[in-house]
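Student: Quick one, what's the 3D model for this:
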Amino acid sequence: MTHSRNVAPHGWYIASYMLRFIEVAEEGNDDLERRFVTWENTILVKAHSMNEAYEKAVKVAMKETEPYKGGSSGIDVQWVFEGVTDLLPIYGELADGAEIMWAKHAPRKLRNIRLRARTKDELQQ
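Tutor: Sure thing, here's the model as predicted:
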């Protein structure tokens, strides 16, 4: 069976979004050359379309952006939503062992392929 590449037949999508951490009162929070700590979060979204999945991902991400007092000194800090970084339909039904994502990589040396693999202990650190 052939599916549209943008439609999840069972209604599930994987969405990733980026949040940037700032100290609210600090200067340079909008400096495009400055470095910031970021988190890329990946979530499951139940939706009827890519558009709905996108909107739901943004809604989830925006819940994380309320300023709060951080650290022992209670500085005003905030996570800033920078956008959705990925949105993929899941083509199969969700079940134990179901494939939900895949990625094709350009050819690389076997030595480098093996360097990407992690042991169980490395993954649990």
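
Student: what packs against the longest helix along the chain?
Tutor: The residue-count maximum for a helix in the chain (DSSP state H) belongs to helix 50-62. The contact analysis (3 or more CB pairs under 8 Å, 6 or more residues apart in numbering; DSSP states H and E) places helix 50-62 against strand 12-23, strand 38-46, strand 75-89. Placement of C-beta: from N, CA and C, glycine included.

Student: pretty sure residue 44 is touching residue 10, no?
Tutor: No. Using CB atoms under 8 Å, residue 44 is not in contact with residue 10; the gap is 11.4 Å.

Student: give me the number of residues near the nearest residue to residue 14 once chain neighbours are set aside?
Tutor: Closest residue in space to residue 14, ignoring its immediate chain neighbours: residue 88 at 4.8 Å, by CB to CB, 6 or more residues apart in numbering. Other residues within reach of residue 88, judged by other CB atoms under 10 Å, total 19.

Student: For residue 88, give me its contacts.
Tutor: Applying CB atoms under 8 Å, 6 or more residues apart in numbering to residue 88 gives the contacts 13-15, 101.

Student: go with 10 Å
Tutor: Applying CB atoms under 10 Å, 6 or more residues apart in numbering, one finds that residue 88 lies in contact with 5-6, 8, 12-16, 42, 50, 53, 100-102.

Student: Which residues does stretch 68-86 contact?
Tutor: Here stretch 68-86 makes contact (CB under 10 Å, 6+ apart) with 13-26, 29-30, 36-42, 53-55, 57-58, 60-67, 101.

Student: coming back round to it: please indicate which of the contacts of residue 88 are buried?
Tutor: Buried subset of the contacts of residue 88 (neighbour count, 16 or more other CB atoms under 10 Å): 8, 12-16, 50, 53.
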